[in-house]
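In: Sequence and predicted structure, then a few things I'm wondering about:
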Amino acid sequence: MKVLVPVKRVIDYNVKARVKSDQTGVDLANVKMSMNPFCEIAVEEAVRLKEKGVATEVVAVSVGPAQASETLRTALAMGADRAILVQTDQDLEPLAVAKVLKAIIGEESPDLVLMGKQAIDGDNNAVGQMLSAILDWPQATFASEITVAGGKAKVTREVDGGLQTLEVNLPAVVTADLRLNEPRYASLPNIMKAKKKELAVKELASLGADTAPRLKVVKVTEPPKRTAGIKVETAGDLVTNLKTAGVL
Amino acid sequence: MAVLVIADHDNATLKDNTHKVVTAAQAIGGDVDVLVAGAKVGDIAAAAAKIAGVRKVLTAESAELGQGIAEAVADLIVGLAGGYDAILTPATSQGKNFSPRVAAKLDVAQISDVTDVVSADTFTHPIYAGNAMETVQSGDAKKVLTVRPTAFKAAAEGGSAKVESVAAPGAPAKVHFVDQKIVKSARPDLGAAKIVVSGGRAMGSAEEFQKVIEPLADKLGAAVGASRAAVDAGYAPNDYQVGQTGKVVAPELYIAIGISGAIQHLAGMKDSKVIVAINKDGDAPIFQVADFGLVSDYKTAVPDLMAALTAAGK
């Protein structure tokens, strides 16, 4: 079974995003970038499937700038077998990313696409569902447990107020939630090995996917700022203040 | 111009999120219809018909719709989409599950987590976990949005819309429902609670977390949350996590106990109406966003707070 894992290079989750003063976007110059945390979870799960003998090959794919090859090297160091970079400097919308991934899937024919439920930059939480829709493959989002057997994946999903279990026929698209696993740190020997693994680079235009933007960014602004309030001396003062504020 | 709002319900009652998304729909303008899709939705539809300003309520019933199977719900909505210029869904786990499918099937963008309707084609939504607000103008013929309910006031009651049933799509062939375990907690859902009490790494153990945080939450009728540090340390279950990679909450009152206030955590709670921080380190970053700060060890502050609440009649 072949598993395809799309990964995204995003601002590191410990770095606070700062809005550019001209309101055109978020300033990413000289900011630490890392693999999106949910993508790490997806890579980890795919590698575990391989370690269990369920998956035979794990292919990581990223759609992004040349530097996204570093993110793919991280996936390779975690245990992916090879990687594909679809290189573009355009900031693609989720629908466009889904269409690019569909083109890659046409070439790779994976049995399972395992990906993060959302990237922590755009926070759209959309690509997996969109990919499933345009492929007409079943979807299981927000996975906290995955077992694969007999051409099916049994997926436990995080839903409002609890857990739901679905069984989907393969090929399918599964998106990873936080509880699925704790991703490993790549060991130094594995980082060295990853440098020798295959990383193919494709130009976006070569895939023929429609990536035209549908949205025009009008502006990007700072959220309303919170200011520090007052310090209270005792728990009794706190309760009095909360009553005055009308929240108790 | 007509807008379709997808109702939020649990197959028993209509959720207030629906009223809030109706308000967002009214800001877009035109006729507003509500779709109630589920297993048996008569009572829910009757409740939706009472929302002021709703033109009609559409109902569709099937086992798969009741199970919230994304393929079934999306097929139903796509089938109805011809009559609408915009399709609005509450940004719940369930809404986030099917709405992007609807957008992809219609070959349009989805705008996620909308917090402001600027005009019929221009919307604001948070990106980077709310550290930036992006305003986008859609060039698509149909707008597909998920709407963050906490950003809109609930539409009033007092309507009397007509209810019409529509045919449910056939069962999806490639996905099968196995089971569902909804946690029957006496506490409100973290995402919808009016008060949230959260604990951090300072608790030191899972036993201490339960002993300190949970009784306070129960006294206030609050949901329980935790910082990522507390979750990573195993003091609290993963679904308690408030933050960029956990749940984003915006309750009326958020009480952070023994939480230092990492960026990760602030991203998940800074839209709360009133924030209280209890921490023995007066320089902790959490105090920079707190309306009321109590610099004290939680070990004395929480029992004091419990006593003060009792004295205040809570």
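Out: It's in.

In: among the helices and strands of chain B, which has the poorest mean pLDDT?
Out: Sorting the helices and strands of chain B by mean pLDDT, DSSP states H and E puts helix B:263-269 at the bottom, at a mean of 89.

In: remind me, longest strand of chain A?
Out: The residue-count maximum for a strand in chain A (DSSP state E) belongs to strand A:139-149.

In: Output the contacting helices and strands for the next helix or strand after that strand.
Out: Moving toward the C-terminus from strand A:139-149, the next helix or strand (DSSP states H and E) is strand A:152-159. Applying 3 or more CB pairs under 8 Å, 6 or more residues apart in numbering or on different chains; DSSP states H and E, one finds that strand A:152-159 contacts strand A:139-149, strand A:162-169, strand A:172-176, helix B:93-106, strand B:175-182. For glycine as for every other residue, the C-beta is placed from the backbone atoms N, C-alpha and C.

In: rerun at 7 Å
Out: In terms of contacts (3 or more CB pairs under 7 Å, 6 or more residues apart in numbering or on different chains; DSSP states H and E), strand A:152-159 is packed against strand A:139-149, strand A:162-169, strand A:172-176, helix B:93-106.

In: A:S187: which of these is closest?
Out: strand A:172-176 (22.1 Å; CB to CB).

In: Rounded mean pLDDT for the closest one, please.
Out: On average, the pLDDT along strand A:172-176 is 98.

In: So what's the gap between it and the chain middle?
Out: 11 Å (CA atoms, centre = their mean, to the nearest Å).

In: can you check stretch A:113-127 too?
Out: Distance, centroid of stretch A:113-127 to centroid of chain: 4 Å (CA atoms, centre = their mean).

In: likewise stretch B:304-314?
Out: Worked out by CA atoms, centre = their mean, stretch B:304-314 lies 30 Å from the chain centre.

In: how about it: buried residues?
Out: By neighbour count with 16 or more other CB atoms under 10 Å in any protein chain shown, stretch B:304-314 contains the buried residues B:304-306, B:308-309.

In: neighbours around B:P303, how many?
Out: 14 (other CB atoms under 10 Å in any protein chain shown).

In: Can you tell me the element it falls in?
Out: Assigned by DSSP H and E, B:P303 falls within helix B:298-311.

In: which helices and strands does that helix pack with?
Out: Helix B:298-311 packs on helix A:235-244, helix B:206-220, going by 3+ CB pairs under 7 Å, 6+ apart.

In: List the contacts of the first one.
Out: Contacts with helix A:235-244, where a contact means CB atoms under 7 Å, 6 or more residues apart in numbering or on different chains, come from A:232, A:248, B:253, B:276, B:292, B:294, B:301, B:304-305, B:308-309, B:312.

In: 8 Å instead?
Out: The contact list for helix A:235-244 (CB atoms under 8 Å, 6 or more residues apart in numbering or on different chains) reads A:230, A:232, A:248, B:253, B:274, B:276, B:292, B:294, B:301, B:304-305, B:307-309, B:311-312.

In: Report the buried residues of it.
Out: In helix A:235-244, counting by 16+ other CB under 10 Å, buried: A:235-236, A:238-239, A:241-242.

In: Just send those back as JSON lines, with pLDDT too.
Out: As requested, the buried residues of helix A:235-244 are arranged in JSON lines below (pLDDT from 0 to 100):
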{"residue": "A:A235", "pLDDT": "95"}
{"residue": "A:G236", "pLDDT": "95"}
{"residue": "A:L238", "pLDDT": "96"}
{"residue": "A:V239", "pLDDT": "96"}
{"residue": "A:N241", "pLDDT": "96"}
{"residue": "A:L242", "pLDDT": "96"}
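
In: I'd like to know which elements the least confident helix or strand of chain B is packed against.
Out: strand B:253-257.

In: what about the strands in chain A?
Out: A:2-6, A:9-11, A:33-35, A:57-64, A:82-87, A:112-116, A:139-149, A:152-159, A:162-169, A:172-176, A:199-203, A:215-221, A:230-232.

In: strand partners of the third one, parallel vs antiparallel please.
Out: Within its sheet, strand A:33-35 is paired with strand A:9-11 (antiparallel), according to DSSP bridges.

In: rewinding a little: single out the most deeply packed of the helices and strands packed on strand A:152-159.
Out: strand A:172-176 (a mean of 28; mean count of other CB atoms under 10 Å in any protein chain shown).

In: Could you check it against chain B for contacts?
Out: Yes: Strand A:172-176 lies within reach of chain B by CB under 8 Å from any CB of the partner chain, at A:A172.

In: about what we covered before: mind listing the strands the longest strand of chain A pairs with, and their directions?
Out: If you go by DSSP bridges, strand A:139-149 pairs up with strand A:152-159 (antiparallel), strand A:172-176 (parallel).

In: Dump these into TSV; add distance to B:V78 as well.
Out: Output for those, formatted as TSV (distance: least, CB to CB, whole Å):
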stretch	distance to B:V78
strand A:152-159	22
strand A:172-176	18
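
In: and of those, who's closest to A:D91?
Out: Of the strands paired with strand A:139-149, nearest to A:D91 by CB to CB is strand A:172-176, at 20.9 Å.

In: got a list of contacts for that closest one?
Out: By CB under 8 Å, 6+ apart, the surrounding residues in contact with strand A:172-176 are A:38, A:41-42, A:45, A:112-117, A:128-129, A:131-132, A:135, A:137-143, A:146, A:153, A:155, A:168, B:174.

In: Pull out the buried residues from these.
Out: Buried among these (16+ other CB under 10 Å): A:38, A:41-42, A:45, A:112-117, A:128-129, A:131-132, A:135, A:137-143, A:146, A:153, A:155, A:168, B:174.

In: My understanding was that B:L253 contacts B:A193; is that so?
Out: No: in this structure, B:L253 is not within contact of B:A193 by CB atoms under 8 Å, at 9.3 Å.

In: list residues touching both of those two?
Out: Common contact partners of B:L253 and B:A193 (CB under 8 Å, 6+ apart): B:A222.

In: Point out where the stretch 151-300 of chain B drops to low pLDDT.
Out: The stretch 151-300 of chain B contains no residues with pLDDT under 70.

In: repeat that for 90
Out: B:151, B:182-193, B:232, B:237-239, B:243-250, B:263-264, B:267, B:271 (pLDDT under 90).

In: ok so, going back, got a list of contacts for the helix holding B:P303?
Out: A:234-236, A:238-239, A:248, B:202-203, B:212, B:215-216, B:219-220, B:257-258, B:278-280, B:294, B:296.

In: just stretch B:275-286 next, same as before
Out: Contacts of stretch B:275-286 (CB under 8 Å, 6+ apart): A:226, A:229, A:231, A:238, A:242, B:202, B:253-262, B:265-266, B:269, B:287, B:289-298, B:301-302, B:305.

In: ok, for residue 6, nearest residue in space, not its chain neighbours?
Out: Reading this off chain A. Residue nearest to A:P6 in three dimensions, not counting chain neighbours: A:M115, with 4.6 Å by CB to CB, 6 or more residues apart in numbering or on different chains.

In: my bad, the chain I had in mind was chain B
Out: Nearest to B:I6 is B:T89, by CB to CB, 6+ apart, at 4.4 Å.

In: Burial check on that neighbour, number of neighbours?
Out: B:T89 has 28 nearby residues by other CB under 10 Å.

In: and the strands of chain A as a markdown table, adding distance to B:G82?
Out: Rendered in a markdown table, the data for the strands of chain A read as follows (distance: least, CB to CB, whole Å):
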| stretch | distance to B:G82 |
| --- | --- |
| strand A:2-6 | 32 |
| strand A:9-11 | 37 |
| strand A:33-35 | 41 |
| strand A:57-64 | 32 |
| strand A:82-87 | 34 |
| strand A:112-116 | 30 |
| strand A:139-149 | 24 |
| strand A:152-159 | 29 |
| strand A:162-169 | 29 |
| strand A:172-176 | 27 |
| strand A:199-203 | 37 |
| strand A:215-221 | 22 |
| strand A:230-232 | 55 |
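
In: how about the ones you listed, which one is nearest B:K56?
Out: Closest among the strands of chain A, using CB to CB: strand A:152-159, at 28.5 Å.

In: tell me the angle of that closest one relative to strand A:162-169?
Out: If you take axes from the mean of the first three to the mean of the last three CA atoms, to 10 degrees, strand A:152-159 sits at 160 degrees to strand A:162-169.
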